[in-house]
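>>> just coords:
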């Protein structure tokens, strides 16, 4: 009983500590975000987060969130990944987002998506890294007048480890 009570109290204290460590934004920071959302119709969307994921949650509290983040330092030739993005998009707007993957100066893949006004618009596109070497991942916002780069990163795709050869022998 005492052990259970100690574990329960310890769990509650840990949860309170975790919640308490998250800092609330200042009123000015909140006002800035609200003003952007409600009056930023002439502004581009904000790319809040971008991850490479093995899959996307399909249901539950995590629906549309990244599942199994792929370490960008461990991408190997043949890896398929979802480029998962989270945007803040001003209210009553629609934006065109372009994703571009370049390797050795050549565009190897492009993906387009349309996003609309939301505090948390999550979208993803699946790609396959089918060559070794450095790749450049870019995300653009396009409107009638201009194309603006929102994100750029270099990823190094390595050769997949060779599969162990089977000798056909078994050991007991």
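Nice, thanks for sending it over. Source: prediction; values computed, not measured.
>>> what about the strands in the protein?
Here the chain has its strands, by DSSP state E, at 46-56, 66-69, 79-103, 106-129, 133-142, 147-157.
>>> mind putting those in TSV, mean pLDDT and mean neighbour count included?
Where C-beta positions appear, they are placed from N, C-alpha and C, glycine not excepted. Converted to TSV, these look like this (pLDDT from 0 to 100; neighbours: other CB atoms under 10 Å):
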stretch	mean pLDDT	mean neighbour count
strand 46-56	97	16
strand 66-69	95	15
strand 79-103	96	19
strand 106-129	96	16
strand 133-142	96	17
strand 147-157	96	14
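>>> Now render the ones you listed as a markdown table, adding distance to residue 24.
Shown next, in a markdown table, are the strands of the chain (distance: least, CB to CB, whole Å):
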| stretch | distance to residue 24 |
| --- | --- |
| strand 46-56 | 18 |
| strand 66-69 | 25 |
| strand 79-103 | 18 |
| strand 106-129 | 16 |
| strand 133-142 | 29 |
| strand 147-157 | 27 |
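>>> Out of those, the one nearest residue 35 is which?
Comparing the strands of the chain against residue 35 with CB to CB, the closest turns out to be strand 79-103 (9.9 Å).
>>> strand partners of that closest one, parallel vs antiparallel please.
Paired strands of strand 79-103, with direction, are strand 46-56 (antiparallel), strand 106-129 (antiparallel), strand 133-142 (antiparallel) (DSSP bridges).
>>> and residue 105, backbone torsions?
Here is the backbone geometry of residue 105 (degrees, to the nearest 10): phi 80, psi 0.
>>> my guess is residue 41 meets residue 90, correct?
Yes - with contact defined as CB atoms under 8 Å, residue 41 and residue 90 form a contacting pair (5.1 Å).
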